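> sequence unknown, structure follows:
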């Protein structure tokens, strides 16, 4: 069978596209996902129930061979990056629903100015006014229902309001209010400098992923929709002219080796979609030639403009009364967006999160977090190939904090947040706090295994026994960055930030939309890849700039908008 549309990647965008395109009975659609499927009657309990990173770093849920470089790369060559710098683990989902199946269940819209910026950069038709109907289409806001012309959307939006917050989070809310940052219930209705409850894609205390919301039993029963899981795309196929896409080659148990399609839509994410393009000869000509790949379309922007939200924070050992109630599953409670005032930065350019506990364990319940970083980051990295093989992960360099504006804002915020945590108002909530490093020695205790439960239960008892407390805290603290030195020595402060900074798992921008005359644009505003026919990209990689929010909701929005455009174009052309 030859499909009308073959969607590569069953993440947040892919699930939306599969649903909306197959709603037209005349359209034959195939969705291919490299990871396992999560059908409604067989969704793993870990995905359904766990608040964050279920089945942590298991190969059936994540791309476990993916590592990235975080630090500023300077003038290093690709070989020097690999030899001089230490690669880090970077969690990316490999499962139906993509990031929406494993993330922190956060659905926050960007600011109106974010989408207006997209249009101003050349993505015609992507202003906030243009995007808003598609946010409304996908959302079902159970707290603040929005007037729409149709049925509520498939993704619920629900908040954990302050009456369920820990006293620590409530105290932080009071302190930032005294600094001129007010509290609002609904930031979508009032997108200004403020703090507010996290909005979640969660209903009745259960995750609703893009797979759960969009690939229902009814949708899966459509005769014109095929879903293939556990199948990796190894090659994009072309007609004899070398410019027209005809389908893909697959690798996986039980999967067909070839699927033919009139149009292929890449929805593999901001790290994998550009790699698929480059392996197909679409990308920076000089890099492709270095890899021994024939150039089909010389697009220098492929893999460039890699953006993320750099994040760092303080770990906080909480007084017993300040700890989050055990019946509240969600860790992150208060979110805040505010303006740094740093020259050259947009308004409402910073973010801060107050978490009531660090992890699921008894130790994690005693430790909260205050994380912060640029909500509008300016440092840009890249994705390249290490070699043409589809079996090798791409070279990913985020280049965090290479733009001095990003570093300056993080430093200022680190000093400010410390002043809040050490204030007299916090003494009844905070026993101690320290510069956080989310290192491998902490990651290994993230998985909810029986062994980790025993270890963390013992550690929790030691935390509660004052004399043994420092033994446990010593394991969590990095001796290179004691709090007093970080606050007094700017060089130590910067060293801690460079060592501890991590991404917030919001990669985007690597196949950005724009005008065909724009040297760095990869796709048109309709997602069509320049220089070839029958190929689109629809995922976070086409975002020209990073939204001032978690990217998951914006990714589903752009897929909704792109699907609508595709179907409308078919009607216009009489298809």
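Sure, I can see it. Values in this document were obtained by computation on a predicted structure and should not be read as measured data.
> How are the strands of the stretch 351-500 of the chain distributed by residue range?
367-374, 382-384, 395-397, 430-435 (DSSP state E, counting those that start in this stretch).
> Kindly report the same for the stretch 151-300 of the chain.
So, for the stretch 151-300 of the chain - with DSSP E, counting those that start in this stretch - the strands run 155-159, 194-197, 199-200, 202-203, 206-207, 225-228, 232-238, 245-251, 258-266, 282-283, 297-298.
> pLDDT averaged over the last one, what's the number?
Here strand 297-298 scores 98 as its mean pLDDT.
> Can you tell me the strand partners of that strand and which way each runs?
Strand pairing for strand 297-298, using DSSP bridges, gives strand 282-283 (parallel).
> Give me the contact list for the partner strand.
Contact with strand 282-283 is made by 274, 277, 296-300, 302-303, 529, 531-532, 535, as judged by Cβ atoms under 8 Å, 6 or more residues apart in numbering. To be clear about C-beta, it is placed using only N, CA and C from the backbone, and glycine gets the same treatment.
> Next, format the residues you listed as a markdown table and append neighbour count and distance to residue 116.
Compiled in a markdown table, the contacts of strand 282-283 are given as follows (neighbours: other Cβ atoms under 10 Å; distance: Cβ to Cβ, whole Å):
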| residue | neighbour count | distance to residue 116 |
| --- | --- | --- |
| 274 | 33 | 25 |
| 277 | 30 | 28 |
| 296 | 21 | 34 |
| 297 | 20 | 29 |
| 298 | 16 | 30 |
| 299 | 27 | 25 |
| 300 | 15 | 26 |
| 302 | 32 | 25 |
| 303 | 29 | 26 |
| 529 | 25 | 25 |
| 531 | 16 | 28 |
| 532 | 22 | 30 |
| 535 | 25 | 28 |
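> hmm, which two among the residues you listed are most spread apart?
Greatest spatial distance among the contacts of strand 282-283 (Cβ to Cβ): 300 and 535, at 17.5 Å.
> any idea how far residue 495 is from residue 480?
7 Å (Cβ to Cβ, to the nearest Å).
> Ok, residue 426 next?
For residue 426, the distance to residue 495 - Cβ to Cβ - is 26 Å.
> and the two? which has more neighbours close in?
residue 426 (18 against 15; other Cβ atoms under 10 Å).
> isn't the more buried one right next to residue 420, touching?
Yes - with contacts defined as Cβ atoms under 8 Å, residue 426 counts as touching residue 420 at a distance of 7.0 Å.
> so what sits against both of those two?
Joint contacts of residue 426 and residue 420 (Cβ under 8 Å, 6+ apart) are residue 175.
> Could you pull up the residues touching residue 515?
Applying Cβ under 8 Å, 6+ apart, we find residue 515 in contact with 122, 124, 521.
> next one: phi and psi at the second one?
Backbone torsions of residue 124, given as degrees, to the nearest 10, read phi -60, psi 130.
> Spatially nearest residue to it, not counting backbone neighbours?
residue 525 (4.7 Å; Cβ to Cβ, 6 or more residues apart in numbering).
> How about the first one?
Nearest residue to residue 122 in three dimensions, chain neighbours excluded: residue 514, at 3.7 Å (Cβ to Cβ, 6+ apart).
> Look at the residue sitting nearest the centre point of the chain and report its pLDDT.
Geometric centre of the chain, nearest residue: residue 506, 3.0 Å, by Cα atoms, centre = their mean. Looking at residue 506, its pLDDT reads 96.
> my read: it touches residue 309, true?
Yes - using Cβ under 8 Å, residue 506 is in contact with residue 309, at 5.0 Å.
> Find the residues that touch each one of those two.
residue 546.
> how's this protein carved up into domains?
With domains defined by automatic domain parsing, the chain comprises 2-155+207-306+508-572, 161-197+310-376+403-500.
> could these be laid out in JSON lines, adding distance to residue 390?
Putting the domains of the chain into JSON lines (distance: least, Cβ to Cβ, whole Å) gives the following:
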{"stretch": "domain 2-155+207-306+508-572", "distance to residue 390": "4"}
{"stretch": "domain 161-197+310-376+403-500", "distance to residue 390": "27"}
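> For the nearest residue to residue 301 once chain neighbours are set aside, give me its contacts.
Once flanking residues are discounted, residue 301 sits nearest to residue 520: 3.9 Å by Cβ to Cβ, 6+ apart. Residues in contact with residue 520, defined by Cβ under 8 Å, 6+ apart, are 300-301, 304-305, 512, 514.
> Quick one, grab the pLDDT at residue 520.
Looking at residue 520, its pLDDT reads 95.
> for it, helix, strand, or coil?
Three-state assignment for residue 520 (DSSP: H, G, I helix; E, B strand; the rest coil): coil.
> ok, now how distant is it from residue 167?
According to Cβ to Cβ, residue 520 stands 49 Å off from residue 167.
> Please pick the buried ones from the contacts of residue 520.
301, 304-305, 512, 514 (16 or more other Cβ atoms under 10 Å).
> Out of those residues, which is nearest to residue 5?
residue 512 (22.0 Å).
> Which residues belonging to stretch 23-37 are considered buried?
Those would be 24, 27-37, for stretch 23-37 by 16+ other Cβ under 10 Å.
> Tell me the span between the first and last residue of that stretch.
Using Cα to Cα, to the nearest Å, one end of stretch 23-37 lies 20 Å from the other.
> cool, and stretch 277-289?
Stretch 277-289: ends 14 Å apart by Cα to Cα.
> Okay, and the beta partners of residue 62?
residue 93.
> residue contacts, it?
Neighbouring residues of residue 62 by Cβ under 8 Å, 6+ apart: 56, 91-94, 102.
> Quick check: the gap between it and residue 546.
22 Å.
> Spatially nearest residue to residue 2 (excluding sequence neighbours)?
residue 260 (4.3 Å).
> burial of that neighbour, as a residue count?
15.
> quick one: it and residue 245 touch, right?
No - applying Cβ under 8 Å, one finds residue 260 not in contact with residue 245, separated by 10.2 Å.
> before we move on, the earlier item: just flag the most distant two among the buried ones among the contacts of residue 520.
Longest span within these, Cβ to Cβ: 304 and 514, 11.8 Å.
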